[in-house]
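Trainee: Need coordinates for the below:
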Amino acid sequence: MMTRTMKVLLMIFSASSKGGRGVCPGFFPLILTALLFPVTGLTASLGPDISVPSRDTLILKLSDDAIAASPSPATTEGLSAQALAQQVRVHIERSRATGSPRPLGLAQGLLDQVPEQRWTPEVYLMRATLRQRLHRFDEAEADLSRVLQAEPNNAQAWLTRYSIALVRGDIATASRACNELAEVMASLLAESCTQEVASLGEQPEAAFRRLRQAVDKAPSASAVEHDYALVTLADMASRLNLPSAGDYWQQSLLSDPGDLYRRARYADWLLSNNQPDKALQITQGYEEIDTLAVLRAIALKRLDDPKQQALSEILDERFAEARWRGEFLHEWEYARYLLDVQNDSEGALEMARANWETQRAYPDRELLIRAAQAAGDQQVLQDLGIDNREAQPL
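Mentor: Sure thing, here's the model as predicted:
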């Protein structure tokens, strides 16, 4: 039986993000049944140094009530605010699980059918989460302000605000939101965000050690809190170029194998550490997910695998279709594809700069640096406050 605190933490973790965006690095973690229900037979060997769960065993479990309730326009008139928020959450989680933006359109359509006079803070919080995922950060912030005015102790709203601020590079706002979260819920979750913010300051290694020690000293913390801390440690270790980053990403993937963010970040780490063969292994079967398909194409190219051409043709069509539909939320992926698969440094720089306009997390900065370096754009590098020689190829 889950405690009320556990349910709150599940809501917080599933509706917030480590970076506030799509299925690229910086992507929203998704709570699956692996955190609540032990599943046997998850591990499939990928050689002596790496093991990840088999995709065949991954099951996204949404409750029967939640799945059944995708109301048509004819049924929304009597829909309660609680049921509305639940249905929006279902669509958001489907988008996270599949990497597709289409369920987000369904969520928006559902919200449009119910007058705001009937909304509660929970509905506004779900719309903030939806807007966050659509990169409409200012609008998401407006909804969060409305929620926090009505419910100043809403931990989920504070964590969502923290996540948005972090991906936008607004460290001051992220720090304030984290402090408020700590006031509302002193926990390993709050310590994770506290040390993540501290790691962006002058002593990042010390912040990493403090969080690692906090995890060791909190054996009674919930599985969700430990999992959040583990992903935060993996993020921090990657940014600090620690050799242990790969171990943290592998552990985090094993703890939630259906989370596309972890899989993408781990594959990206493997590529950056000259292990394209292993990146190929953990992206196998995920070609429908744009980020993972791009990373797989990079791995195929580095291995001089002839299958890379066919995958590149699929990605070309997919990106063109997304732009035509007006669903193009993939600047990071497209920039990475142009840079590392098509060798189009100018096009990659254009897309990396477009991505940087709204998303300024560590992977976004690294991609912009690499694209600027490849294109020979010294002005971009200078604007980022670095010397061209500091940019390291992946």
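Trainee: contacts and neighbour counts: CA atoms only from here.
Mentor: Fine.
Trainee: Now do the SS call for residue 128.
Mentor: Following DSSP: H, G, I helix; E, B strand; the rest coil, residue 128 is assigned to helix.
Trainee: Please report how far residue 233 lies from residue 334.
Mentor: With distances taken as Cα to Cα, to the nearest Å, residue 233 is found 27 Å from residue 334.
Trainee: Between these two, which is the more surrounded one?
Mentor: Neighbour comparison, residue 233 and residue 334: the larger count goes to residue 233, with 26 against 23 (by other Cα atoms under 10 Å).
Trainee: For the helix or strand harbouring residue 88, list the C-alpha coordinates in CSV.
Mentor: For residue 88, the enclosing helix or strand under DSSP states H and E is helix 81-98. Only the C-alpha atoms of helix 81-98 are listed here, as CSV (Å, rounded to 0.1, in the frame of the first residue of the first chain):
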residue,chain,number,x,y,z
ALA,A,81,-12.0,19.2,-12.6
GLN,A,82,-10.3,16.2,-11.0
ALA,A,83,-11.2,13.9,-13.9
LEU,A,84,-10.1,16.6,-16.4
ALA,A,85,-6.7,16.9,-14.7
GLN,A,86,-6.4,13.1,-14.7
GLN,A,87,-7.1,12.9,-18.4
VAL,A,88,-4.6,15.6,-19.3
ARG,A,89,-2.0,13.7,-17.2
VAL,A,90,-2.7,10.5,-19.1
HIS,A,91,-2.1,12.3,-22.5
ILE,A,92,1.1,13.9,-21.2
GLU,A,93,2.4,10.6,-19.9
ARG,A,94,1.6,8.9,-23.2
SER,A,95,3.7,11.6,-24.9
ARG,A,96,6.6,11.0,-22.6
ALA,A,97,6.3,7.2,-23.0
THR,A,98,6.3,7.4,-26.8
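Trainee: Run the angle between the helix or strand just after it and helix 81-98 for me.
Mentor: On the C-terminal side of helix 81-98, the closest following helix or strand by DSSP H and E is helix 102-112. Per axes from the mean of the first three to the mean of the last three Cα atoms, to 10 degrees, the angle that helix 102-112 makes with helix 81-98 is 170 degrees.
Trainee: Could you give me the buried positions within helix 102-112?
Mentor: With burial defined by 16 or more other Cα atoms under 10 Å, the residues of helix 102-112 counted as buried are 103-108, 110-111.
Trainee: now, which of the residues you listed sits nearest residue 305?
Mentor: residue 103 (34.1 Å; Cα to Cα).
Trainee: Relative to residue 382, how far out is that closest one?
Mentor: Counting by Cα to Cα - residue 103 and residue 382 are separated by 40 Å.
Trainee: Phi and psi next, for residue 241.
Mentor: Main-chain torsions, residue 241, degrees, to the nearest 10: phi 60, psi 40.
Trainee: pLDDT score for it?
Mentor: What the model reports for residue 241 is a pLDDT of 95.
Trainee: Compute the number of surrounding residues for it.
Mentor: 12.
Trainee: please renumber so the chain begins at 54
Mentor: Sounds good: first residue 54 from here, last item residue 294.
Trainee: And stretch 192-202, how far out from the chain middle?
Mentor: Centroid separation for stretch 192-202 versus its chain: 21 Å, with Cα atoms, centre = their mean, to the nearest Å.
Trainee: ok, now stretch 401-412?
Mentor: Offset of stretch 401-412 from its chain centre (Cα atoms, centre = their mean): 17 Å.
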